[in-house]
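Engineer: What follows is a predicted protein model with its sequence.
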Amino acid sequence: MPIINRIAEFQAEMTEWRRDLHAHPELSMQEFRTSALVQEKLRAFGVDEIITGMAETGVVGVIRGRPGSDRAVGLRADMDALPLHEETGVPHASQTPGVMHACGHDGHTAMLLGAAKYLAETRNFDGTVYLIFQPAEEFEAGGDKMVQDGLFSRCPMEMVFGLHNWPGSPEGRFLWRSGPIMAAVAFFDITITGRGSHGAFPHQGIDPVVVSAQIINALQTIVSRTIEPIEGGVVSVGSITGGDAYNILPERVTMKGTARWFNQRVGDQIEAGMHRIVHGIAESLGAKADLNFFRHAPATVNDPEATTRAVRAAIAIGGEAQVREMPAPTMGGEDFAYMLNAKQGAYIMLGSGTGKDTPQLHHPKYDFNDEILSVGASYWATLAEQFLARDGGG
């Protein structure tokens, strides 16, 4: 695999950055230490400008190549961690209880910093490279916040690109797809209020646990019985909380979950179906229901021309055998979708290893594979140099 030699020389540095970020994770919109570290590194690399304040903790590093060209490209990494207790046992494990980098954003940030160091040294391109370090991908829609704060007006780039590590795919393999690649994302909160009673005398109360059980089962009929089978959709309850005693029926039960889709019409159907089921079942059993359904990000849809550029850069690093088209999009979500809604661009995956015991994203035993740092940084650098080629080929 022809990783850029100069980038391979600071593999150890990138690993150190990544593990430092992993040990000090920060939740969405709280990435103050991470933002400061990114700014410190960019200053040390000698980038031309550092833009701060977009989406509060967002950072954009600006590197200008040979003067005289107004062409520009954007490369984006995310910085936030998840509200999850780490169980990896590695020496660089999270030092913040209940918060960990379980999605690889520490690696994404380190890879883009590696590309920044190389590009600031070499400047083998015309125009400008914008290095976008985005907060709040997991929650709070930091991608949308950066767009709303003027990312593309302050940084007038032609296209913007994103990359995500992908456990379960061979180490160093690039995965791409033109058109939809990741699903739209919504989250929901459901509160069922009944009337508490002794567990031995359920007739004296209204049991919100039973109501919630019926709602959870019925929610699965939205996709299986109201959405056209060829469309994609998911409704998943990820948390249910209520009561804390063996023999007391609680007053209230709360549930949290997520919904996913590709077609906007399907998202509308899911939301309407949830309101119908949640309120209908609760009312029929004498309980009260509250549903808060909030949309986090639209579907991530790759532009065909931008995808072609991303694939060309991936082939330059991995060779054709290590660059594969995804047979279908994934139900995972990504708020990079907001950037793609506002600007032509593409998003691809980078395999981080296989194996039946390989922890997947958002798992408490997940840890980013440092061996792909040089691969990802080389991809970013190659994409920028190809896009802003000095011969004008782009």
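Structural biologist: Here it is on my side, so go on. Numbers count the residues shown, from 1 in each chain.
Engineer: can you give me the strands for the stretch 251-394 of the chain?
Structural biologist: All strands of the stretch 251-394 of the chain, identified by DSSP state E, counting those that start in this stretch, fall at 252-261, 288-297, 300-302, 323-325, 330-333, 345-351.
Engineer: can I get those strands in CSV with mean neighbour count, distance to G280 and mean pLDDT?
Structural biologist: Every C-beta, even on glycine, is put in place using the N, C-alpha and C of the backbone. Converted to CSV, the strands of the stretch 251-394 of the chain look like this (neighbours: other CB atoms under 10 Å; distance: least, CB to CB, whole Å; pLDDT from 0 to 100):
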stretch, mean neighbour count, distance to G280, mean pLDDT
strand 252-261, 20, 16, 98
strand 288-297, 16, 9, 96
strand 300-302, 26, 33, 98
strand 323-325, 16, 43, 98
strand 330-333, 19, 26, 95
strand 345-351, 25, 38, 98
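Engineer: so which of those gets nearest A77?
Structural biologist: Set against A77 and scored by CB to CB, the strands of the stretch 251-394 of the chain come closest in strand 345-351, at 11.8 Å.
Engineer: May I have that closest one exported as PDB, CA atoms only?
Structural biologist: Backbone C-alpha positions of strand 345-351 (Å, rounded to 0.1, in the frame of the first residue of the first chain) are rendered in PDB as follows:
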ATOM      1  CA  GLY A 345     -19.100  16.500  -1.800                       C
ATOM      2  CA  ALA A 346     -18.700  12.800  -0.800                       C
ATOM      3  CA  TYR A 347     -18.200  10.600   2.300                       C
ATOM      4  CA  ILE A 348     -16.400   7.200   2.300                       C
ATOM      5  CA  MET A 349     -15.400   4.500   4.800                       C
ATOM      6  CA  LEU A 350     -11.900   3.200   5.700                       C
ATOM      7  CA  GLY A 351     -11.800  -0.400   7.000                       C
END
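Engineer: Make TSV from the strands of the stretch 251-394 of the chain and add distance to V235 to it.
Structural biologist: Formatted as TSV, the strands of the stretch 251-394 of the chain follow (distance: least, CB to CB, whole Å):
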stretch	distance to V235
strand 252-261	5
strand 288-297	10
strand 300-302	20
strand 323-325	29
strand 330-333	11
strand 345-351	24
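Engineer: Please name whichever of those is nearest to C103.
Structural biologist: strand 330-333 (9.6 Å).
Engineer: between the strands of the stretch 251-394 of the chain, which one is nearest to T15?
Structural biologist: strand 345-351 (16.1 Å).
Engineer: Who are the packing partners of the closest one?
Structural biologist: Counting contacts by 3 or more CB pairs under 8 Å, 6 or more residues apart in numbering; DSSP states H and E, strand 345-351 is packed against strand 159-166, strand 174-176, strand 179-193, strand 300-302, helix 304-318, helix 336-342, helix 373-387.
Engineer: can I get those in CSV with distance to P202?
Structural biologist: Putting those into CSV (distance: least, CB to CB, whole Å) gives the following:
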stretch, distance to P202
strand 159-166, 48
strand 174-176, 52
strand 179-193, 15
strand 300-302, 46
helix 304-318, 57
helix 336-342, 46
helix 373-387, 56
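Engineer: And these: which comes nearest E49?
Structural biologist: It is, among these and with distance given as CB to CB, helix 373-387, at 16.0 Å.
Engineer: packing partners for that closest one?
Structural biologist: helix 5-9, helix 11-23, strand 72-78, helix 105-122, strand 159-166, helix 304-318, strand 345-351.
Engineer: go with 7 Å
Structural biologist: Judged by 3 or more CB pairs under 7 Å, 6 or more residues apart in numbering; DSSP states H and E, helix 373-387 is in contact with helix 5-9, helix 11-23, strand 72-78, helix 105-122, strand 159-166, helix 304-318.
Engineer: which other residues reach it?
Structural biologist: Under the contact criterion CB atoms under 7 Å, 6 or more residues apart in numbering, helix 373-387 has outside partners 1, 3-4, 7-8, 11, 14-15, 18, 73, 75, 107, 110-112, 114-115, 118-119, 124-125, 129, 161, 163, 172, 309-310, 312-314, 316-317, 350, 394.
Engineer: Buried members of the residues you listed into PyMOL, please.
Structural biologist: In PyMOL, this line selects whichever of these come out buried by 16 or more other CB atoms under 10 Å:
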select buried, resi 3+4+7+8+11+14+15+18+73+75+107+110+111+112+114+115+118+119+125+129+161+163+172+309+310+313+314+316+317+350
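Engineer: ok, and what's touching stretch 46-60?
Structural biologist: Under the contact criterion CB under 7 Å, 6+ apart, stretch 46-60 has outside partners 29, 31-32, 35, 38-39, 42-43, 61-64, 116, 120, 130-136, 142, 145-146, 149, 151, 154-155.
Engineer: wait, what's in contact with T191?
Structural biologist: Contact analysis of T191 by CB under 7 Å, 6+ apart lists R252, T254, D290.
Engineer: Please tell me how far the residue positioned nearest the centre of the chain sits from T358.
Structural biologist: Centroid-nearest residue in the chain, with CA atoms, centre = their mean: E334, separated by 4.3 Å. Between E334 and T358 the computed distance is 21 Å (CB to CB, to the nearest Å).
Engineer: State the phi and psi torsions of A213.
Structural biologist: phi -60, psi -40 (degrees, to the nearest 10).
Engineer: count of neighbours near it?
Structural biologist: Number of residues near A213 (other CB atoms under 10 Å) recorded here: 14.
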